[in-house]
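Student: Give me a model of this one.
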Amino acid sequence: MLAEAMRAGEQVITFYSDRLFVPWWIMYNDVTADGAPGGAEWSPRGFWGYSHLIEHEFVRNTPCPDHRIPLRDEPLQVSLNLDLSLDERHDGVVTGPVREFFADRPQACAHTVRSTSDELRQALMSVEFADQVLYFCCHCGTQQGQFGGPARSVLQLTDAERITPAHLVGWLQERDLSSNPFVFLNACGGGLLSSRFYCSFGHELIRKAANCVIGPEIRIPAVFAGAYAVELFTRFLEPQCHLGRVMREVSRHLMDEHHTPLGLAYGLYRGLDTRLVVSGVG
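Tutor: Prediction:
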């Protein structure tokens, strides 16, 4: 039934589940017989994330925020939570371009760089936390439990201190993210919302009222991650540009102009309509 719907034309689809997480955007089915260019046996349009607007939504215990991010008199509040050592290993092209992107837009965006777990802890524990965009570019992986139990998801910033979803929950204690931030986990597997063995950062942030979460479903090349972020932010910072359409536009650009499908590896959780809105505009 899904395959037939995907062949019928552009669709807007929301998948609802708290337990089943599938990389919908990378899913592929054959298009119509005349859909493949130049007689090729496949077409980019066969990838669901290339042709359609898709998000994953949740059913239980996840407060649904307003997907409008208000732009008032002050600049957009952006935090860059980074492993700066990535630039040392990759000639400055992983976090460097993103830092430069926001540094060149001081009137539109007020950005803060955090490179240690303590800086992140202090920010999340502060009642004045106001990040509207929460961007991570760092190491993300899993670690075996101390006594041989299930693995746990971990993030590491420049100081290499292990940060787990339990840390985030503890730092936020009994309160939600009142700023309802757009969270971009630009790290290997950052878009994996759950597995049989552990809960992820993205899932906990959604539980804490994040506006939406995006991130790659797979291990992603570090250099590509930096380039993808610049492409996405360039488009998204225009008011009323819906995040779902922005992500599809970036995926198409990377596929058509640079011949890479890696943009399709980025998943979107609760955020097709996430957008910047000038105060007083719907």
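
Student: Would you state the helices of the stretch 151-282 of the chain in chain order?
Tutor: Counting by DSSP state H, counting those that start in this stretch, the stretch 151-282 of the chain has helices at residues 165-172, 201-207, 222-236, 243-258.

Student: Would you mind telling me which of the ones you listed is nearest residue 109?
Tutor: helix 222-236 (8.9 Å; Cβ to Cβ). Quick note: C-beta positions are derived from backbone N, CA and C, even for glycine.

Student: how far does the least confident helix or strand in the chain by mean pLDDT sit from the chain's center?
Tutor: In the chain, the helix or strand scored least confidently by mean pLDDT, DSSP states H and E is strand 139-143, which has a mean of 77. Relative to the chain's own centre, strand 139-143 is displaced by 16 Å; criterion: Cα atoms, centre = their mean, to the nearest Å.

Student: Partner strands of that strand, with direction?
Tutor: strand 152-156 (antiparallel) (DSSP bridges).

Student: quick one: residue 248 from residue 57, how far?
Tutor: According to Cβ to Cβ, to the nearest Å, residue 248 stands 17 Å off from residue 57.

Student: Of these two, which one has the most company?
Tutor: residue 248 (23 against 17; other Cβ atoms under 10 Å).

Student: Please name the residues that touch the more buried one.
Tutor: 49-50, 52-53 (Cβ atoms under 8 Å, 6 or more residues apart in numbering).

Student: between those, which is nearest residue 71?
Tutor: Once Cβ to Cβ is applied, the member of the contacts of residue 248 that ends up nearest residue 71 is residue 53, at 23.3 Å.

Student: neighbours around the closest one, how many?
Tutor: Neighbours around residue 53, by other Cβ under 10 Å: 19.

Student: could you dump the helices of the stretch 151-282 of the chain to CSV with mean pLDDT and distance to residue 93?
Tutor: Supplementary listing: these in CSV, determined by pLDDT from 0 to 100; distance: least, Cβ to Cβ, whole Å:
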stretch, mean pLDDT, distance to residue 93
helix 165-172, 91, 28
helix 201-207, 85, 24
helix 222-236, 96, 5
helix 243-258, 98, 15
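
Student: Geometrically speaking, which residue is the centre of this structure?
Tutor: residue 214 (1.9 Å; Cα atoms, centre = their mean).

Student: I figured residue 76 hits residue 109, correct?
Tutor: Yes - contact criterion Cβ atoms under 8 Å: residue 76 and residue 109 qualify, at 4.8 Å.

Student: Identify the contacts common to the two.
Tutor: residue 237.

Student: Tell me how far residue 239 lies from residue 278.
Tutor: Separation of residue 239 from residue 278 (Cβ to Cβ): 5 Å.

Student: How about residue 69?
Tutor: Taken as Cβ to Cβ, the span from residue 69 to residue 278 is 11 Å.

Student: More neighbours: those two, which one.
Tutor: The residue with more neighbours, out of residue 69 and residue 278, is residue 69; 23 against 11, by other Cβ under 10 Å.
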